[in-house]
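Undergrad: One predicted model, sequence on top.
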Amino acid sequence: MKIYHQLGHNHKWALDSYFKNNIGDGFIFSAFSFKYGKLENGVSTYKPDQYLGKSMVDLQFYGSKKTVGGQLESYPFNPINLNHSDSTMVAGTELIAKAITYQESLGLKNIIIPVFYHEASDFGKFEKYLNKINKIIVRRKDKGSTSKYFMTVPFSNSAILNADHVEDLLQATTDMPIVFDGYYVVCDSKPGYKRKVSIDYDYYENLIKIFQVLKAQGFATIFGYSNWDALIFASLCDIDYITIGTYENLRNFNIQRFTESQGGGPSDGWYFSEKLLNFVRAQEIKKLRRSNCLDLIANDKNIFSDIILNKDYAWNTHKPDVHKNYLLAISRLLKEVANINSLSQRAIFFQKKIKQARQLYDELDSHRVVLVDESGDYHLGSWDSIIKMHATH
Amino acid sequence: MPPIISMNDSTKKLLNVEEIHETFAGGQKFVFIATCNKKKCAIKMFKYGFGEREKRELEFYITNEKLAGIPKVLDVKNEKNETIVVEEYIEGDCLQNIIGNYSSSATDTSKLICDIADIMEPIWDKGKTHRDLKPLNIIITPKGLPVVLDFGIFKDPDLSTITDTGVQPNSWPFAAPEQLLGNKKHISYRTDFFSLGVLAYFLYYQKLPFGSQRDDVIAKMVAQDISYTTEHDCKLNNFFEVILKFDVSKRPRNVKLFKEALC
């Protein structure tokens, strides 16, 4: 399993974390944040030959409204630039073919094939695109292309919760004529109010099925926009690439980002604790410090954690160390899980992690520190159940 | 049409029949095993006329005449508005009659399933599905090789399905969940994979994996109860594990993976 940075806003932090701190194995650039022509001319202080060999590009065909902002409009083949009268399947297929050609022209070894977002009710249209694009890839492979082609499979929240849709989609994506090398799976997990990760069993059940079936059928998988609930999936499925991201919109796929303008609100930021398997609101850090509990939840051997847990640190979500703490902590956890070859042993290992996290919450409680809302242990019970239901030990 | 128990002289003359060896009366047709033009053949005459199902089957055999392991059509005649099909005679035993030969033999069962997959592979490659693979539709030749019969209800994605016109396979013991539960859109080559999985289990254990009553099998499929019993050391266990999946997407996506599960 490789860890790729999902790059967007303030991508320099993620790039620095790779080049200076050895975090992650590569990058997925998002067209939203990188103007057309930027990647071939250097990003931040890095030159193309430093990153392109270990990069993929998500050209993000998910939405088509010009009002969404970002750099999508600068890509001549982005559907944003498609006249409404041209919005036929033929025109759409041409755009996708151009998007593939663009990535090949960058010399990328792994090509993410963008596709239009669809709801479960539009599955027939997605299936037609799937088969049309598959024929394009057949021709490219026949001509000797050695690139690896990953077809995008986007799931809205209602689509991922729909087991019948998931089965339909898996049948289509694993059908005999399909020649894609793998799939780039992006999914709107839609965590509930005052939640950062989903606790919906159907979300976990269906996404686990997707990763397990695709792998069993010989396809490589990329889990795009993944949050730290990727730990559950990594414990139960053999996923080839898992992404890590700084800001929330890089850790949770949300179609609204591509259909309407969105702005981020002010925040002091979050502390990701490997031991709690959760983010803790910056405001809660004071509570933990006052009760002498900070050491209980602090990440070990993490320079960024040391910096941001310093009592004089001025918390702000737009500071790099806040995010780098997460990148280092989550990448360590993911590697720790994925380095165990046996899936049954992985599940046992992660179940212990969950148990330890739950015990730590209890210990904090005994110190009269009750972490609530997003910072609480709302997700651990669900995770524990899911592991127990799926583990083969 | 009144039941035919013997062949008219005019038909014999038309087909150059030299000798009739055996006759069979099936559900849809009468079959005469005969010698015509010094060659043994099977003459088929249709009880209820030459309908959609029969036309599709004939077209299938003619279109795929170069494929090994399926019947070959030698001649098609029309007499008094009745179509008569003359097929190559396939010598051998109907699998239905010799299932005991495969009992507890993983090697023989595996080889047979693999041979059937070899026959079906070019058909599956074209997106077509047999939909009714069962012992009654398989002949084992004296050389031990199978011949797959009865493509009357095969599914071709380029044609309307014959079941839309009311013909349903009546072979529930070997049917896949998508057939028994009526999920027609999910019927594909992987439906045949499932039937072959059930067939392998049936040959090895001499019983069906999910129960001997139609209603019990359907109830298990509805409940997603995939349980079945196996011998601990049966060499086909991996094959059963991989093929006998109620979710179509979980069955192998191609013949290579299907065969790998057999090894």
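TA: Arrived safely. Numbers count the residues shown, from 1 in each chain, chains lettered A, B, ... in the order given.

Undergrad: what's the residue of the stretch 151-300 of chain A found nearest chain B in contact with, if anything?
TA: Nearest residue of the stretch 151-300 of chain A to chain B: residue A:170, at 3.5 Å (Cβ to the nearest Cβ). (Glycine included, C-beta is placed from N, CA and C.) Applying Cβ atoms under 8 Å, 6 or more residues apart in numbering or on different chains, one finds that residue A:170 lies in contact with A:209-210, A:213-214, B:247, B:249.

Undergrad: Could I get the full set of helices for the stretch 251-393 of chain A?
TA: A:256-259, A:282-290, A:294-297, A:303-308, A:320-338, A:343-366, A:380-390 (DSSP state H, counting those that start in this stretch).

Undergrad: average pLDDT across the last one?
TA: Mean per-residue pLDDT for helix A:380-390: 95.

Undergrad: rewinding a little: closest to residue A:254 among the contacts of residue A:170?
TA: For the contacts of residue A:170, the closest approach to residue A:254 (Cβ to Cβ) belongs to residue A:210, at 18.5 Å.

Undergrad: Give me the helices and strands touching the helix or strand containing the closest one, please.
TA: Per DSSP states H and E: residue A:210 is located in helix A:201-216. Judged by 3 or more Cβ pairs under 8 Å, 6 or more residues apart in numbering or on different chains; DSSP states H and E, helix A:201-216 is in contact with helix A:157-160, helix A:163-173, strand A:182-187, strand A:220-223, helix A:230-236, helix A:380-390.

Undergrad: out of the ones you listed, which comes closest to residue B:108?
TA: Here helix A:163-173 is closest among the helices and strands packed on helix A:201-216 (Cβ to Cβ), at 32.1 Å.

Undergrad: For the least confident helix or strand in chain A by mean pLDDT, which residues meet the burial criterion?
TA: Every helix and strand of chain A was ranked by mean pLDDT, DSSP states H and E. The lowest is helix A:256-259, at a mean of 70. Going by neighbour count (16 or more other Cβ atoms under 10 Å in any protein chain shown), the buried part of helix A:256-259 is A:257-258.

Undergrad: follow-up on the earlier one: same list (the contacts of residue A:170) but as JSON lines, adding pLDDT.
TA: Converted to JSON lines, those look like this (pLDDT from 0 to 100):
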{"residue": "A:209", "pLDDT": "98"}
{"residue": "A:210", "pLDDT": "98"}
{"residue": "A:213", "pLDDT": "98"}
{"residue": "A:214", "pLDDT": "98"}
{"residue": "B:247", "pLDDT": "97"}
{"residue": "B:249", "pLDDT": "98"}
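
Undergrad: Buried members of those into ChimeraX, please.
TA: Of these, the buried ones can be selected in ChimeraX as follows, counting by 16+ other Cβ under 10 Å:
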select /A:209,210,213,214 /B:247,249
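
Undergrad: which among the contacts of residue A:170 gets closest to residue A:143?
TA: Of all the contacts of residue A:170, residue A:143 sits closest to residue A:214, with 25.8 Å by Cβ to Cβ.

Undergrad: List just the one of the helices and strands packed on helix A:201-216 that sits closest to residue B:155.
TA: Using Cβ to Cβ, those put helix A:163-173 closest to residue B:155, at 14.4 Å.
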